[in-house]
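> This is a predicted model, with the sequence first.
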Amino acid sequence: MLAWGVLFYAVLGGGALLWIWLRGDDLADLLRSSRCPWDVALLLGGCSGLAVVLASDFWVERFAWSERLQDQVNALFGPMTIPRAAALALSSGVAEELLFRAALLPVVGLWLSSLLFGLLHCGPRLSGWAVFAFLAGLLMGGLFLLTGGVLAPAGAHVVINGVQLIRLAGDSPD
């Protein structure tokens, strides 16, 4: 299932890039950070991602939906390993940021793009995760607006997904 997941995210990211291009936006401007140096954008994204991970630690310890989320991820992708976690974190983080921040946010705005991002993360009995994803979407949308590109939010997203999926790898029976 990992290959299907990576393929799904490749198609999602490619569709977002196509939409941005057809809309006539400058892809280079949206992919890099036009308002700050690329290394600053990546550092800002990485630090923001770690802050979200710390905030999620608070939520995970207090809500039953976190265990359900872990069960659903393992059921979908099989036992999590560090290479699987890295592949999923990179593909999902980049593709979702291309779609929700670079493609959608300039058209529908911060609030609606974040709401759609949260709804994407809503599964059976996971409404708490959807709320958390909505709040994370606001943060990543803010990073996009602050830096002028997708590099900072993608960096944050990859860190968040990477840490959480690697934690699942530690909990995996393999």
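That came through, no problem.

> For I20, which non-adjacent residue is spatially closest?
Setting aside the residues directly before and after it, I20 is nearest to A103 in space (CB to CB, 6 or more residues apart in numbering), at 5.3 Å. Placement of C-beta: from N, CA and C, glycine included.

> Oops, could you answer that again for W19 instead?
Spatial nearest neighbour of W19, chain neighbours left out: A103 (4.9 Å); criterion: CB to CB, 6+ apart.

> tally of neighbours for that neighbour?
Neighbours of A103 under the rule other CB atoms under 10 Å: 24.

> Please name the residues that touch it.
A103 makes contact with 16, 19-20, 23, according to CB atoms under 8 Å, 6 or more residues apart in numbering.

> hmm, try it at 6 Å
16, 19-20 (CB atoms under 6 Å, 6 or more residues apart in numbering).

> for R101, same thing?
144, 150, 153.

> got it, and F144?
F144 is in contact with 101, 105, 153, counting by CB under 6 Å, 6+ apart.

> just those now: which is nearest T81?
The nearest member of those to T81, counting by CB to CB, is P153 at 26.3 Å.

> and that closest one, what is it in contact with?
P153 touches 97, 101, 140, 143-144, counting by CB under 6 Å, 6+ apart.

> which helices and strands does the strand or helix carrying D39 pack with?
Following DSSP states H and E, one finds D39 within helix 38-60. Using 3 or more CB pairs under 6 Å, 6 or more residues apart in numbering; DSSP states H and E, the elements in contact with helix 38-60 are helix 127-147, helix 151-171.
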